[in-house]
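1. quick one: sequence and predicted model below, then my questions.
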Amino acid sequence: MSATALTKKDFVNDQEVRWCPGCGDYAILAAIQKTMPELGVAREKIVFVSGIGCSSRFPYYMNTYGFHTIHGRAPTIATGLALARPDLSIWVITGDGDALSIGGNHLIHAMRRNVNIKVLLFNNQTYGLTKGQYSPTSHPGTISKSTPYGSVDQPFSATAVALGAGATFVARTYDKDARHMSDVFKRAHEHKGAAFVEILQNCVIFNDGVFEDIVGKDQRVDHMLHLQHGERLRFGKDNQKGLAITDFAAEVVDAASGRLDDVAVHREDLQNPGYAFLLSHLMQPEFPEPVGVFRSVEKPGYESAVIAQIEEQTARRGRGNLDALLRSGDTWQIH
Amino acid sequence: MSSGASPVHSQNERQVKHETIESAIVRFAGDSGDGMQITGAQFTTTTGVAGNDLMTFPDFPAEIRAPVGTLGGVSGFQIHFSSRDIHTPGDLIDVLVAMNPAALKVNLKDLRPGGVLLVNTDAFDERNLSRVGYSSNPLEDPAVAEKYQLIRAPITKLTRTALEGLELQQNHMDRCKNFFALGVAYWLYQRDPETTTHWIKDKFKKNETFVEANLRALRAGYNFAEASELFTSRYEVRDAHFEPGLYRNINGATAIALGLIAGADRAGLELLYAGYPITPASDILHELSKHKNFGVKTFQAEDEIAAAGAAIGASYGGSLGVTASAGPGINLKLEAMNLAMITELPLVVINAQRAGPSTGLPTKTEQGDLLQSFFGRNGESPIPILASATPADSFDCSIEAVRLAVEFMTPVMYLSELFLIFGSEPWRVPSADSLPVIRHNQIQAGEDPAAFHTYARDEKTLARRWAIPGIPGFEHRVGGLEKDALSGAVSYDPDNHERMALTRQQKIENIANFIPEQSVYGEESGQLLILGWGGTHGAIRAAVEELKREGVSVSHAHLRYLNPFPRNLGEILKRFDTILIPELNLGQLSWLIRARFLREVVGLHKVKGRPFLVGEIKAKAMELLGRN
């Protein structure tokens, strides 16, 4: 099957999609189904691996190979798969609870190792499938089924967690912009190594409109910062506002009236993750929230290093001979 | 004997008795920093090369270096060697080497009356004695000298003297005293130190002084035994009668590692082994990680769950995924095992059991995880369970675990034990092409996708096909949710769920048709059958052999397959008046046998972190036969 001949339809299967009407997941599914044919990868080489949660039902709706696994463990299964099969394009679908709570350990280690997997984290700041408890990304004070008087936990920034773990590609996108999602997915695919994408996603049932202040059509212009490599951090109507960064802190400045030179230029290729980490902590209402690619740097990939070591040892010692191995060590012959 | 360690014969040839004996049991005991495990391993290699049958039992503390000279820091290594076939590391010991008072206090009770007690007198100072609660020096106790052949040797001083002139700090000198003790043991059993000489030269090749120091210490120990008049006898244990062939000593960890490589090879699959450090399973990871040129991928995961997940991911991708741990880590893997069970993917999980519950006794042996293997997962979750009987048997058991996983598309629990992982014995090395061929059923490119249904099954094995990513037309989804019995689409249909649960159960029970029937050692029927599983094999077999020699009829059946049980097991149980089940737990196999066969059994239980003694099993058997 020629990959170039594929269309979105090739990635749609006959399974009934069973998300709630109006769920942001539909838009993400459509964006991925649209993007896949554009990657130039044969359909049979694509695998979606997921954990548990609403988002993790995703593989059932893709006409590719797919593995719906267990709570938080999708990165482990994807890592084993990547080690066994470096020829595959492996996508991990996970949610904020799945990836950052029960699977937090696995997420950071997959990022640290730089395994060639693409992690798409659907962040809706709630546990949807278990009917609406607060999640590790929920704002303090969140009223939920398990926190009737408001949550008292401090939340994670998903992108900050990924950056803190050493992720070589970190991006954020949102379910209301198919074009933006598709561009980010393509960049993640092109990246060699672990790619982490946070997708701000709406849960119509338990957390409706949680990101509206950022992603809403009328709010975007003032509350969202589009990251573009080599371009200044500008936002607002006619890009009148900008972010200056001095002394490890960001400051909103007037970019239109004389302070343009103070506005920082976005660099996604900085080896030092400090700048990207700073961006990952920008939040409403004080700051616009960044979307786009925070960081994209090259580092040795995990499975290729594992395979290189095997090749090196095989070249040095020759392909292992089972009989010789069994007979190794101190032996003696009985006649 | 190489020139490096040739003994100097004493000037005044004294009378030393040469005795030929059938078997001997030697235990080296000292502080955990004294090198007792190295001493034991060297004695083992030399004994194997000399042609004896042997079995070893290393016994060491959970702490890497407990405070010097304390009871908690005693490390021991026991070896039983013989000119006939033996099965255990032995009950009472013939020679105890005690490097300090703590080692003496912990081990003296195991020395047989009349046995040789070699002590390092230099370590018996007031400080060391009082540290372990001796109010007076036990070496001055006439009862000790009367009961045992007490050999007092100032090992520390003699070692230092032997190393004079080498530019070595005193603490480095003192580290050589274990080779002094080894030299004494080599003299006592007329062993050729050549293998150890080679080992020392290789081990310390980067430091010539250390090579010289250890060789001198070894020689000094040998010469001390030769020259001093403390020893009145030397012993010879003749070659055992082995089947012709090539032999090596092997411990359970190495045997498992080699078995996995061999199993993957015979199945034509790549091996991915994922583990997380835990005693005693870590040694399997250590061994496998050396063999990269076999294409073996080893993955040290971030935790036990990740190790299980990675192994499943590898199996999903068409490799052979294997993970191993000990009890506390197996607990964490159970959710992943259930995923492999419902998705029907091959997975080998090795449980190197140790004394539990929880962290329990991390360096001591037990068989406490049998029922967990059956019932530890949520829902109806049958999986094959097998157990190895001896260190060398672990090789065959690993291959068999691979075969069951691959041919039946299922996770397999393979139960080993700390006693088997660390213990060693001679192993007749098989040729690679004598090993069983394992057939996998992966979809091959070119097969017709129209005929493919994710959960369609082979009529005989009831296994589904192994459709791995990368083959066009076979795109499908698997996962932990219940699946339609044919298409594999998610199904919440009640009838389908019941049908799938029954099918999965039937698939595992059906494996009984693909494994050997149970054999019985001894009479096929009679008064008493001893039924065992796992590492108790040696103690049970030795007890039964001894009883038979004494004219008492007892039979032994040892289970390799615990789920499913061999087809004829029920019939065998009916042919005996009494069934005795010795286990290093509180009766887990007993529980299963009662439940499965409605058959009353007698349990013999021990949870002391130590293996059965032959005498314990014999005594129970005699009691049941009304013979005591």
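-> Received, thanks.

2. which one is residue 80 nearest to, not counting chain neighbours?
-> Defaulting to chain A. residue B:313 (2.7 Å; Cβ to Cβ, 6 or more residues apart in numbering or on different chains). The C-beta positions use only the backbone N, C-alpha and C, and glycine is treated the same way.

3. chain B, not that one
-> residue B:90 (3.6 Å).

4. what about that neighbour, which SS state?
-> Put simply, residue B:90 is coil when judged by DSSP: H, G, I helix; E, B strand; the rest coil.

5. tell me the confidence at residue B:546?
-> pLDDT for residue B:546: 96.

6. actually residue B:12, not the one I wrote
-> The model's pLDDT for residue B:12 equals 49.

7. just the buried residues of stretch A:189-205, please?
-> By 16 or more other Cβ atoms under 10 Å in any protein chain shown, the buried positions in stretch A:189-205 come out as A:189, A:191, A:193-203, A:205.

8. that should have said stretch B:113-129, apologies.
-> For stretch B:113-129, using 16+ other Cβ under 10 Å, the buried residues are B:115, B:116, B:117, B:118, B:119, B:120, B:122, B:123, B:124, B:128, B:129.

9. of all residues in chain B, which one is nearest the centre?
-> residue B:420 (1.2 Å; Cα atoms, centre = their mean).

10. pretty sure that one sits against residue B:392.
-> No: assessed by Cβ atoms under 8 Å, residue B:420 is found out of contact with residue B:392, at 9.4 Å.

11. for stretch B:406-416, what is the average pLDDT?
-> 98.

12. end-to-end on that stretch?
-> 20 Å (Cα to Cα, to the nearest Å).

13. am I right that residue A:135 is in contact with residue A:101?
-> Yes: between residue A:135 and residue A:101 a contact is recorded at 6.9 Å, counting by Cβ under 8 Å.

14. tell me where the stretch 501-628 of chain B has helices.
-> Here the stretch 501-628 of chain B has its helices, by DSSP state H, counting those that start in this stretch, at B:537-549, B:569-574, B:588-597, B:614-624.

15. out of the ones you listed, nearest to chain A?
-> helix B:537-549 (20.8 Å; Cβ to the nearest Cβ).

16. from the buried residues of stretch A:189-205, which two are the most distant?
-> Using Cβ to Cβ, these span at most 35.8 Å, a distance reached by A:193 and A:205.

17. before we move on, the earlier item: ramachandran angles for the residue nearest to residue B:80?
-> phi 100, psi 160 (degrees, to the nearest 10).

18. list phi and psi for residue B:517.
-> The phi/psi pair for residue B:517 (degrees, to the nearest 10) is phi -70, psi 160.

19. ok, back up a step: which of residue A:135 and residue A:101 has more residues huddled nearby?
-> residue A:135 (27 against 17; other Cβ atoms under 10 Å in any protein chain shown).

20. tell me the pLDDT at the more buried one?
-> pLDDT, residue A:135: 97.

21. from residue B:227, how far off is the residue nearest to residue B:80?
-> According to Cβ to Cβ, to the nearest Å, residue B:90 stands 30 Å off from residue B:227.

22. which one's more surrounded, these two?
-> residue B:90 (27 against 16).

23. how near is that one to residue B:27?
-> 9 Å.

24. ramachandran angles for the closest residue to chain B within the stretch 151-300 of chain A?
-> Using Cβ to the nearest Cβ, the closest approach of the stretch 151-300 of chain A to chain B is made by residue A:165 at 11.0 Å. Main-chain dihedrals, residue A:165, degrees, to the nearest 10: phi -80, psi 0.

25. repeat for residue A:61
-> Dihedral angles (degrees, to the nearest 10) for residue A:61: phi -100, psi 0.

26. helix, strand or coil for the residue lying closest to it once chain neighbours are set aside?
-> Nearest residue to residue A:61, sequence neighbours excluded (Cβ to Cβ, 6+ apart): residue A:17, at 5.2 Å. Three-state call for residue A:17 (three-state DSSP): coil.
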